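In: Sequence isn't available, so here's the structure alone:
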C-alpha cells in the first residue's frame, strides 16, 4: 500500500515543491497551510512533515495535538530557525527527526525514508508483542503484568522438555493451573497428568499410594494395585505440597528422579517408568533444609527449573483482567444478567490485599454475582473479608493493639480461619502457619465449634 504523507507548510511554493517530490517518489500527499487544517486529516497520515513556525501555532504545539489524535504517526519538524536547542526540544516532545531549511530534496527523501522505516519497525514490534501476549494466554491463566509474562515465557521454554519444575508460591496463586499449562503444552499432552496432594495422604498410606502394592503386602491387600506413579507412566506427575512428604518417602522420590525406577510395596521386582515431575510448594523449602526436615539432594533434584509465582497483591495490574475473566466465566451459570464491573467496584477490588490470592478473587466475584441486582457489579456487591493485618512495628497505641471492635478471642478465631483458608482447609498445614501442633489446632477448632 502506498504511504500517505501530510505536509503542513504555510509557504505555498515550498509546500508545492515538497508535494511534487513526494508524489514522484510514489507517495500519496495531503497538504495543509495551518495547524487547524492539518488536525482535520492527520488520522489518515503515515507521516507528518510540519514547519516549526505556523500561523497561530508553532510546530511543538501541533506535535502535542497530533500525539493525542494519532499517537503512532512519526512527525518530522522543518525549521529555518535551526538551533541545537530547537532540535533537542523537538525530539524531547516526540518528533522523529528534524530538517533545517534550506534542505535538498535528496536529504528530504532520506529523512522521510528513515522515519517511515522506524515506524515500520515500531509497528512490527507492537504486533509481535500483541501476538506474544495472545500466545501466552493459557486457558484460565490470566496475567498481563511483567511478572506473569515472565512466568508464561518460562512455561513456553520449559514445556517441550522433560526437565523437573519446582513451583513455589502462596496458596491460591494458581500453581495447579501452571502445572497443567506445562503438561498440556508438552509432548506428553496426550498422556496422563496425575496430581498428588502430598499433604492429604496420611503418612502410613503414602508409600502404597505413590508406588502401589502387591497382593498380601498388608492386611486388606486382597489384590495388587498400581500406584500414582505407574498411573502416570509416559505422562506427568504433579506433587503438590512436596514439603509435607516424610523423610522415608523422600528417599524413594529421589530414586524415581535419579534412576526412574521403584518397587511396589511388598515386591522385590524393580519397575521402570517414564514420568515428568512437577513439584509445588507454599513452604520455604530452604528453611526446611536448614531444619533438616527436607533432604538437600532431593531439593536440588526438584529445583532444576524453579518458578516463583508472585502473590496477587504484588501484581495488582492483573486484578482487573482476572476480575473481568471470572465475571465472563461465572455470570452465565449464576443466572444473573451482569455484564460489567463499575469503576468504583474495580477500585475496591484493586485496593484489597488478597490474602487468598486468585482463588479468593474468584470466590469474591462469584459471591458478588449472587448478590448483584443490576447489570453491573457495584461496590456494595463486593463483600471482602477484612482479615486482621499485622500491627505496624513501633505502634504501641493501645487503641490499635487489636483491630477495632474485636476481642482477643475473636482476633484469634479470625487468624485461625485465615490460616485454614490459606491452607485450603488442611489442618496440618494451617497448624504450621500458626506455629501450633495439629492437636493444639484441633483443640482450638473444637472450642470454636469448627472441628467437623
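Out: Now that the structure is in, tell me what you want to look at. Note that the structure is predicted; figures quoted are calculated from it, not measured. Numbers count the residues shown, from 1 in each chain.

In: When you work out contacts or count neighbours from here on, use the C-alpha atoms and nothing else.
Out: OK.

In: Around the closest residue to residue 155 other than its chain neighbours, count how many other residues there are.
Out: Once flanking residues are discounted, residue 155 sits nearest to residue 182: 5.8 Å by Cα to Cα, 6 or more residues apart in numbering. Neighbour count of residue 182, defined by other Cα atoms under 10 Å: 25.

In: swap in residue 161?
Out: 13.

In: in the stretch 251-400 of the chain, which segments are predicted with low confidence?
Out: 386-400 (pLDDT under 70).

In: need the helices for it, in chain order.
Out: Per DSSP state H, counting those that start in this stretch, the stretch 251-400 of the chain carries helices over the ranges 285-291, 296-302, 319-334, 343-351, 357-371.

In: so what secondary structure elements neighbour the third one?
Out: In terms of contact count using 3 or more Cα pairs under 8 Å, 6 or more residues apart in numbering; DSSP states H and E, helix 319-334 is assigned the packing partners strand 340-341, helix 343-351, helix 357-371.

In: Nearest to residue 114, out of the ones you listed?
Out: With respect to residue 114, and counting by Cα to Cα, the nearest of those is helix 343-351 at 42.6 Å.

In: Now do the closest one: everything it contacts.
Out: 316, 319-320, 377-380, 382 (Cα atoms under 8 Å, 6 or more residues apart in numbering).

In: per the record, what domains does the chain have?
Out: 4-130, 146-308, 313-381, 398-448 (automatic domain parsing).

In: quick one: which of the helices and strands packed on helix 319-334 is nearest residue 445?
Out: Of all the helices and strands packed on helix 319-334, helix 357-371 comes closest under Cα to Cα, at 22.1 Å.

In: what angle do that closest one and helix 319-334 make?
Out: 50 degrees (axes from the mean of the first three to the mean of the last three Cα atoms, to 10 degrees).

In: Flag every buried residue along helix 357-371.
Out: Neighbour-count burial for helix 357-371, counted by 16 or more other Cα atoms under 10 Å, picks out 357-362, 364-369.

In: hmm, back to that, out of the contacts of helix 343-351, who's nearest residue 332?
Out: Using Cα to Cα, the contacts of helix 343-351 come closest to residue 332 at residue 377, 14.5 Å.

In: In space, what's closest to that closest one - neighbours in sequence excluded?
Out: The shortest distance from residue 377 to any non-neighbouring residue, by Cα to Cα, 6+ apart, is to residue 341 (4.6 Å).

In: and the one you found, what is it in contact with?
Out: With Cα under 8 Å, 6+ apart, residue 341 has these contacts: 324, 376-378.

In: Most neighbours of all the residues you listed, which one?
Out: In terms of neighbours by other Cα under 10 Å, these top out with residue 377 at 24 neighbours.

In: ok, now how distant is it from residue 370?
Out: 10 Å (Cα to Cα, to the nearest Å).

In: one step back: of all the helices and strands packed on helix 319-334, which one is nearest residue 105?
Out: helix 343-351 (52.6 Å).

In: tell me the angle of the closest one relative to helix 357-371?
Out: 150 degrees.

In: mind listing what's buried in helix 343-351?
Out: Those would be 345-346, 348-350, for helix 343-351 by 16+ other Cα under 10 Å.

In: Is the closest residue in space to residue 35 that isn't next to it in sequence in a helix, a strand, or coil?
Out: Excluding its sequence neighbours, the residue lying closest to residue 35 (Cα to Cα, 6+ apart) is residue 62, at 6.3 Å. With DSSP: H, G, I helix; E, B strand; the rest coil as the basis, residue 62 sits in helix.
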